[in-house]
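# Sequence unavailable; structure follows:
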């Protein structure tokens, strides 16, 4: 096993004193892996992402990016290797999708620099990659929920694309996705899973929160299972996702069945 | 096809243009230089506009020959025009910054207690400090910045909502506080002398601008405007929610603080010499976004140029239309509202690409 990209050591955090949301979260992300975070509503999945991003500061514990504690990184360094796909995002201004995606280039530009033609090309490619190239000129407030989610993914893709000349291999690249499949139709879900696999094979580490165990079964290498009030469980997907564990997590009688050699979740 | 069946008129409706106000149909790259040329031409023309020797334009060769005309143009019109230009530029740019930072198209630079603070400061100086021009200016600037300081400190103490919402609420509270203070001062003022002076200050005017007044506000405005201008693309990032801009490698707290200062300090300095000038900071950014799209790389320079042009035009009317001066604030509000209504009823620009 190679050195972890991100190590999370005994993280405890809460919004109000005496009411911890996360307790003793401890795991590490290996390079080129897809990690899916499963947990009930309110279990602290989005909070965990905010902590990994460095936006929230833990009460105790440490997060290190390739050995460097997160607070020691400059904002630009952090932005270059770590991108977030948020659940949703609203803007009152009529940015076009392309202008919006172009903002992902910010950490790669010199201070106060402006995007160049090659940055614009990169943004267009990212839009094409997520399948919404024709929407490049559409104002963001007019996009549907799913289109917007794909656009946010495209922005994250441009953000973690190395600039020409930067060595692509030594920089860690980490993509945090907060329920990216929430608004997507089946076709786009499949596309997202394919993109995630392709990124993993290209050396990107992905961490995604999700409410669909089926998505986790399709794409996860590792799984973090977060049940309220218990220490989160981390491990290889096949070991962590069991009928028992899911039944306990969602408090439903859940069965795992095998179709064509692949596990499926049966819950109704 | 489905769309057509259900909404047979939708296509016709979307192409209807109530007002043909899309003067600028080119790309921002072409339109911005065009506006810059327009601004310079208007500036030169404005030097000639006035009521000496008769209403209308003064002949350029007359300026060469007539000593009185020379003095008039270089000692009265030129500093006044430059101040008007600076005022428009500052209010346009600062308004754009505020609307982006607060992700709210309804705020303007004088918000956060700045405007009401300045008004209170001016009235206070007129009532209790003798009311000379210099003292009024200093007092207005002082209370404008005090208003900003109070808003900031209050927002830090609030235990409610996010940072932006807290600033907005604190700004409203501080403005209400100063506006009550202003009402008290107006009530106490001598209705024959002081009240008139306060009212005139509140209406806003560039009539009393001289070179020293312009020099006194120039450094603060130029520094603020430079900061805003070099941020013209990065401002986009600051309009996103704070966590998102953080994830894009921005230090939101620090950079927002810097830009708020860069917007408020020049505004406070300029309204301390001009009085209240309404609507420029609110509508110019809207017009700029309408013409140049949201991307601040173009809409910010657009707001700067449009603000300068609009304020110069209004001030030309203020000083030349009638024998008596019309308060500038009345004209900016009047024409600002008219243009705003026409523009909002017109077709938005087509997305470029």
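Everything's here; your move. Note that the structure is predicted; figures quoted are calculated from it, not measured.
# Poorly predicted segments of the stretch 101-250 of chain A, please.
Applying pLDDT under 70 to the stretch 101-250 of chain A flags residues A:164-170.
# Would you mind listing what in it touches chain B?
Within the stretch 101-250 of chain A, the positions near chain B by CB under 8 Å from any CB of the partner chain are A:103-104, A:106-107, A:112-115, A:136-139, A:159. Glycine gets a C-beta too; all of them are placed from N, C-alpha and C.
# Next, give me the two most distant ones among the residues you listed.
Put simply, by CB to CB the two of these set farthest apart are A:112 and A:138, 28.5 Å from each other.
# Between those two, tell me which one has more neighbours.
Ranked by neighbour count (other CB atoms under 10 Å in any protein chain shown), residue A:112 and residue A:138 place residue A:138 first, with 18 against 10.
# I figured that one hits residue A:96, correct?
Yes - between residue A:138 and residue A:96 a contact is recorded at 6.4 Å, counting by CB atoms under 8 Å.
# ranges for the helices of chain A?
With helices called from DSSP state H, chain A shows them at A:45-53, A:75-81, A:97-102, A:117-129, A:145-160, A:186-201, A:213-219, A:237-240, A:243-250.
# Could you pull up the mean pLDDT of the second one?
For helix A:75-81, the per-residue pLDDT values average out at 90.
# So which elements touch that helix?
Packing partners of helix A:75-81 (3 or more CB pairs under 8 Å, 6 or more residues apart in numbering or on different chains; DSSP states H and E): helix A:145-160.
# Then the first one?
On a contact count with 3+ CB pairs under 8 Å, 6+ apart, helix A:45-53 meets strand A:6-16, strand A:19-29, strand A:34-39, strand A:82-85, strand A:174-178, strand A:205-210, helix B:242-247.
# Arrange these in TSV, one row each, with mean neighbour count as further columns.
Output for these, formatted as TSV (neighbours: other CB atoms under 10 Å in any protein chain shown):
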stretch	mean neighbour count
strand A:6-16	16
strand A:19-29	17
strand A:34-39	26
strand A:82-85	26
strand A:174-178	24
strand A:205-210	24
helix B:242-247	22
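# can I get the ones you listed in CSV with distance to residue A:247?
Shown next, in CSV, are these (distance: least, CB to CB, whole Å):
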stretch, distance to residue A:247
strand A:6-16, 27
strand A:19-29, 22
strand A:34-39, 13
strand A:82-85, 29
strand A:174-178, 25
strand A:205-210, 18
helix B:242-247, 34
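# among the ones you listed, which is nearest residue B:140?
helix B:242-247 (32.5 Å).
# Can you pull out the residues in contact with that closest one?
For helix B:242-247, the surrounding residues in contact (CB atoms under 8 Å, 6 or more residues apart in numbering or on different chains) are A:50, A:53-55, A:75, A:79, A:82-84, A:86, A:89, B:162-164, B:237-238, B:252.
# of those, buried ones?
A:50, A:53-55, A:75, A:79, A:82-84, A:86, A:89, B:164, B:237-238, B:252 (16 or more other CB atoms under 10 Å in any protein chain shown).
# So for those, which is the shakiest by pLDDT?
residue B:164 (76).
# Touching, residue A:50 and residue A:57? I think so.
No - at 9.9 Å, residue A:50 does not count as touching residue A:57 under the criterion of CB under 8 Å.
# Now do residue B:301 against chain A, distance only.
Taking CB to the nearest CB, to the nearest Å as the measure, residue B:301 falls 12 Å from chain A.
# quick one: contacts of stretch A:63-81?
The set of residues external to stretch A:63-81 that reach it, using CB under 8 Å, 6+ apart, is A:3-9, A:11, A:51-52, A:54, A:57, A:62, A:82, A:106-108, A:159-160, A:171-174, B:246-251.
# Near residue 204, how many other residues are there?
Unless you meant another one, I'm taking chain A. The tally of other residues near residue A:204 (other CB under 10 Å) stands at 22.
# Switch to chain B, please.
Residue B:204 has 21 neighbours, counted by other CB under 10 Å.
# Quick check: it touching residue B:272?
No - taking contacts as CB under 8 Å, residue B:204 lies outside contact range of residue B:272: 11.5 Å.
# Now residue 30: phi and psi?
Because you didn't say which chain, this covers chain A. Dihedral pair for residue A:30: phi -80, psi 150, per degrees, to the nearest 10.
# Can you give me the neighbour number for it?
Counted with other CB under 10 Å, residue A:30 comes out at 15.
# just residue B:311 next, same as before
30.
# check which helix or strand covers it.
helix B:296-320 (DSSP states H and E).
# Can you name every helix or strand that that helix contacts?
Contacts defined by 3+ CB pairs under 8 Å, 6+ apart place helix B:296-320 against helix B:28-48, strand B:49-50, helix B:78-101, helix B:211-230, helix B:235-238, helix B:280-292, helix B:328-344.
# Of these, which is nearest residue A:266?
For residue A:266, the closest of the helices and strands packed on helix B:296-320 is helix B:235-238, at 45.0 Å, according to CB to CB.
# just to revisit the earlier point, for residue B:302, which of the helices of chain A is the nearest?
Checking these against residue B:302 by CB to CB gives helix A:97-102 as the closest, at 14.8 Å.
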